[in-house]
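**Student:** Structure of the sequence below:
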Amino acid sequence: MENKKTGYKVREYHGPVKRYCQVLSLKNDPALIAEYRKRHSEGEVWPETLAAIREVGILEMEIYILGTQLFMIVETPLDFDWDMAMVKMATLPRQEEWEKYMSIFQQAEPGASSAEKWKLMDRMFHLYE
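**Tutor:** Purely as a prediction, here's the structure:
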């Protein structure tokens with residue numbers, strides 16, 4: 001089992017990819033956080049949501065949690081256009097319903113899209129070669 005001590009496996013690609021990092025806060029309610037975690041566990045995420053993520057061209061998506069803070073890593077092909085992908089994702093089957101359901105748990109404006117809730121971060125450091 002992967003964890004903080006053994007680390008997490010990462011997908012290997014045959015070429016370079018883009019990486020996007022985002023943050024979002026959850027409501028400070030242990031019961032809601034537990035349910036949010038459950039809804040993102042294997043077998044619980046809606047198949048349409050997984051299909052939408054892949055359909056817009058996302059190669060990998062990971063969400064990490066600490067308390068009420070979420071951190072998402074998204075890996076994409078180099079020609080990926082973030083804004084176009086988010087517009088397309090919002091139109092895919094059950095995506096609006098998923099976002100409305102997730103808003104129960106998240107600190108975000110009612111009716112906000114995924115692109116509006118998740119805030120893209122700027123990289124400020126990495127181990128330079």
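**Student:** C-alpha from now on. contacts and neighbour counts both.
**Tutor:** Noted.
**Student:** Only the buried residues of the lowest-mean-pLDDT helix or strand in the chain, if you could.
**Tutor:** None of the helices or strands of the chain scores lower by mean pLDDT, DSSP states H and E than helix 114-117, at a mean of 89. For helix 114-117, burial by neighbour count (16 or more other C-alpha atoms under 10 Å) applies to 114, 115, 117.
**Student:** Any chance of those residues in CSV with distance to residue 3 as columns?
**Tutor:** Converted to CSV, the buried residues of helix 114-117 look like this (distance: C-alpha to C-alpha, whole Å):
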residue, distance to residue 3
114, 27
115, 28
117, 27
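**Student:** Out of these, which is nearest to residue 80?
**Tutor:** residue 115 (15.0 Å; C-alpha to C-alpha).
**Student:** from memory that closest one sits against residue 84, does it?
**Tutor:** No: at 10.7 Å, residue 115 and residue 84 do not qualify as touching, with contact defined as C-alpha atoms under 8 Å.
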